[in-house]
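Visitor: Sharing a model that was predicted from the sequence below.
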Amino acid sequence: MNMTKTQSLHKRQSDLAQSNRQLEILSNGIFKNGELPTFKAKIAETNQFPLKAKKLEILQINVGYMCNQVCEHCHVDAGPDRKEIMTRETMQQCLNVIKKTGAHTLDLTGGAPEMNPDFRWFVEEASKAGITDFIVRSNLTIIRANKKYHDLPEFFKKHNIHVVSSMPHWTRGKTDKQRGEGVFDQSIKALQELNAVGYGMPDSKLKLDLVYNPSGAFLPGDQTAMEKDFKKALKEDFNIQFHNLFAITNLPISRFLDYLIASENYEDYMYALVEAYNPAAVANVMCTNTLSVSWDGYLFDCDFNQMLELPVNSKAKHISEYNEALLEGRNIVISQHCYGCTAGAGSSCQGVVA
Ligand code: SF4
Ligand code: SF4
């Protein structure tokens, strides 16, 4: 099985590995010459600029960019060659915040968060804080990647983890095209193993949700209809069950931006996003109730801004300086990638928002 289709943009020393290059592309061309309105101008039309953070509800922590996969559209530019990993010291600083914040959801992401050597310690410590919803974003194949990960379903169960996993399609071809050869078969096995310990079963408290993102330069279809199709196909073909499907729009950054440019779809995709702009989605974009923490402890409005190295607009810039009063009401840092969150029914790590 070869799940490593490519190397990260960083490893390839691509221009697009640099966040300022990505931001330049997103600000120039069709946005600079006025063909399309900037995101700022668009939200100002409905008096929604500046976009403001409300009360913190979700703390999303990226524990490292290392991953066993190199998916074509990864906004993190994750892969086995990425060495940025959260240390136990930074995790401890996060734990200090988790214990005192009123956030109801803790969301661990990566890369493959399980590859951080302190992942289990962190989960054990964090689960003691009594968070209502403790999410781990697992890419599924990690459960099958190595013997040392085989017991992850039991580990997740022990700590009542809410597992959220990417599954771009119920067919092998579409999944492997986007996520790498062999990913589909390993994901199916991992889902069956999660089902076997109780995850995703109709009345089970062990939550298993799947994330769909489009395989090309188009917007996701209707989330409810897709969930029905996924449920039917996975049950019939593999006897797999899960709870909810989140449909996520690909944001034009990192490897997806690279894909858009290489396939000459960048301008058409931006046109499609702007055309599908939904002012009703703006009020609920995830940065309004989420804070994103990077592997080295810095604070961002969302995981996308983290990858673009756009830090929070606040005096509190690092998790060690966390201050709820300072962070609440901050102005969110925006650019044209934000159109990805407001297209159609909107998009967030929890699916549609409008
Ligand atoms: S999309 Fe997820 S599984 Fe794929 S390379 Fe990125 S972090 Fe890893
Ligand atoms: S990309 Fe981030 S900052 Fe922009 S609207 Fe989406 S969540 Fe908010």
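Guide: Yep, that arrived. Ligands and ions are numbered 1, 2, ... in the order given.
Visitor: Quick one: neighbours of the nearest residue to residue 346 once chain neighbours are set aside, just the number.
Guide: Counting by Cβ to Cβ, 6 or more residues apart in numbering, the nearest residue to residue 346 once its immediate chain neighbours are dropped is residue 281, at 3.1 Å. Where you see a C-beta, it was placed from the backbone N, CA and C, and this is true even at glycine. Neighbours of residue 281 under the rule other Cβ atoms under 10 Å: 20.
Visitor: Need the three-state assignment for residue 281.
Guide: When classified by DSSP: H, G, I helix; E, B strand; the rest coil, residue 281 comes out as helix.
Visitor: residue contacts, it?
Guide: 341, 342, 343, 344, 345, 346, 353, 354 (Cβ atoms under 8 Å, 6 or more residues apart in numbering).
Visitor: Of those, which qualify as buried by neighbour count?
Guide: 341, 342, 343, 344, 345, 346, 353 (16 or more other Cβ atoms under 10 Å).
Visitor: show me the contacts for the nearest residue to the third one once chain neighbours are set aside.
Guide: Nearest-residue entry for residue 343: residue 276, 3.9 Å, with adjacent residues in sequence omitted and distances by Cβ to Cβ, 6+ apart. Residue 276 sits next to 219, 343, 344 when contact means Cβ under 8 Å, 6+ apart.
Visitor: can you pull the pLDDT of residue 276?
Guide: Note on residue 276: pLDDT of 96.
Visitor: can you check residue 352 too?
Guide: On pLDDT, residue 352 comes in at 77.
Visitor: OK, contacts around it?
Guide: 223, 246, 247, 344, 345, 346.
Visitor: ok, and the closest non-adjacent residue to it?
Guide: Among residues not flanking residue 352 along the chain, residue 345 sits closest, at 3.8 Å (Cβ to Cβ, 6+ apart).
Visitor: Would you check that the one you found makes contact with residue 225?
Guide: No: in this structure, residue 345 is not within contact of residue 225 by Cβ atoms under 8 Å, at 11.7 Å.
Visitor: secondary structure element for the residue nearest to residue 352?
Guide: Assigned by DSSP states H and E, residue 345 belongs to neither a helix nor a strand.
Visitor: and what of residue 26?
Guide: In this assignment (DSSP H and E), residue 26 forms part of helix 19-27.
Visitor: Need the residues that contact whatever helix or strand comes next after that helix.
Guide: Sequence-wise, the next helix or strand downstream of helix 19-27 (DSSP H and E) is helix 39-44. Contact partners of helix 39-44, identified using Cβ under 8 Å, 6+ apart, comprise 49, 51, 274, 277, 279, 282, 334, 335, 336, 338, 339.
Visitor: Quick check: buried residues in helix 39-44?
Guide: So for helix 39-44, counting by 16+ other Cβ under 10 Å, buried means 39, 42, 43.
Visitor: ok, the nearest residue to residue 142 once chain neighbours are set aside to residue 101 distance?
Guide: Nearest residue to residue 142, sequence neighbours excluded (Cβ to Cβ, 6+ apart): residue 112, at 4.6 Å. The gap separating residue 112 from residue 101 is 25 Å, by Cβ to Cβ, to the nearest Å.
Visitor: who has more neighbours, those two?
Guide: The neighbour count for residue 112 versus residue 101, taken as other Cβ under 10 Å, is higher for residue 112 (27 against 17).
Visitor: so who does that one touch?
Guide: Going by Cβ under 8 Å, 6+ apart, the list of residues near residue 112 reads 66, 67, 68, 69, 78, 138, 139, 142.
Visitor: Now the phi/psi pair for the second one, please.
Guide: The phi and psi torsions at residue 67 (degrees, to the nearest 10) take the values phi -150, psi 150.
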